[in-house]
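S.K.: coordinates only, sequence not included:
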Ligand SMILES: NC(=O)c1ccc[n+]([C@@H]2O[C@H](COP(=O)([O-])OP(=O)(O)OC[C@H]3O[C@@H](n4cnc5c(N)ncnc54)[C@H](OP(=O)(O)O)[C@@H]3O)[C@@H](O)[C@H]2O)c1
């Protein structure tokens, strides 16, 4: 394929979004592709859904908008393979990497007593180690594009959440990693977080989700597109770095940390 440096007179923006086969990650990929970005849609298992999303984006935008890269982010060798696929890609060599979105996650609820250390380790790998390795491995193309890294965290920071110690603590680690890198990688690379509130319930939490919504000043859940819009805003705002953008309908403001 002939990869051109410029598209419509502008540098082609390229992004990698992890866990982008469905739900919030897929909406974010769609948004970026519709804004003219070329998106590496990382998946672990949602290949068919990602293929359909790519076909839809191609037909809406009348161009190839991205491609799928598959990896289990809890396996070091697969993270390394993902980094290689990205940094050796001709489009990245030509344009650098303008966006890296750490979105992949696994959300489950179980009491501390019933959660084995292995579950905790897997979440630490997914939420902290993989973002660390991907950010480090992709640093040269991120600098080349004066790019932006975004960690998708959540609103749990600083408070106790029943049955979520394994999840919230690894998200806290991701948040701190991102804020630290915002200082360390400036001025070449910006680093930010998006903290979704109650956006899209997991299958197991519909009852809990309804209770949460009673505490949200906006009185409703958000939509996947709200997260996509926040990510796009951070990616395209050259003075924003070190921010944690809460997309939560005012929930955090109502329950200060
Ligand atoms: N949904 C909400 O309301 C909400 C609220 C607060 C924060 N967030 C955060 O927002 C982000 C997106 O939320 P979501 O609900 O759309 O996420 P999700 O469906 O729970 O997970 C996103 C993707 O992560 C991937 N993933 C899981 N384990 C993986 C592994 N070992 N290796 C590689 N990929 C793996 C899965 O990919 P495959 O499908 O390809 O296997 C999955 O599609 C997450 O970081 C989440 O913590 C969401």
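M.R.: Sure, I can see it. Because the structure is a prediction, the values reported are computed rather than measured. Numbering: from 1, shown residues only.
S.K.: so the residue of the chain most remote from its centre, which of the three states?
M.R.: What lies farthest from the middle of the chain is residue 113; by CA atoms, centre = their mean that is 29.6 Å. Secondary structure for residue 113, judged by DSSP: H, G, I helix; E, B strand; the rest coil, is helix.
S.K.: for the ligand, what are the nearby residues on the stretch 1-150 of the chain?
M.R.: Within reach of the ligand by CB under 6 Å from any ligand atom, the stretch 1-150 of the chain has these residues: 19, 21-25, 43-46, 72-74, 103-107, 126. From N, CA and C alone the C-beta is placed, and that goes for glycine too.
S.K.: mind running it again at 5 Å?
M.R.: Within the stretch 1-150 of the chain, the positions lying close to the ligand (CB under 5 Å from any ligand atom) are 19, 21, 23-24, 43-46, 72-74, 103-107.
S.K.: which among those residues end up buried?
M.R.: 19, 21, 23-24, 43-44, 46, 73-74, 103-106 (16 or more other CB atoms under 10 Å).
S.K.: Columns secondary structure on top of these, output as a markdown table?
M.R.: Shown next, in a markdown table, are these (three-state DSSP):
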| residue | secondary structure |
| --- | --- |
| 19 | coil |
| 21 | coil |
| 23 | helix |
| 24 | helix |
| 43 | strand |
| 44 | coil |
| 46 | coil |
| 73 | coil |
| 74 | coil |
| 103 | coil |
| 104 | coil |
| 105 | coil |
| 106 | coil |
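S.K.: Wait, residue 145 touches residue 96, no?
M.R.: Yes: at 3.0 Å, residue 145 counts as touching residue 96 under the criterion of CB atoms under 8 Å.
S.K.: Now stretch 168-176: buried residues?
M.R.: Neighbour-count burial for stretch 168-176 flags 168, 170, 171, 172, 173, 174, 175 (criterion: 16+ other CB under 10 Å).
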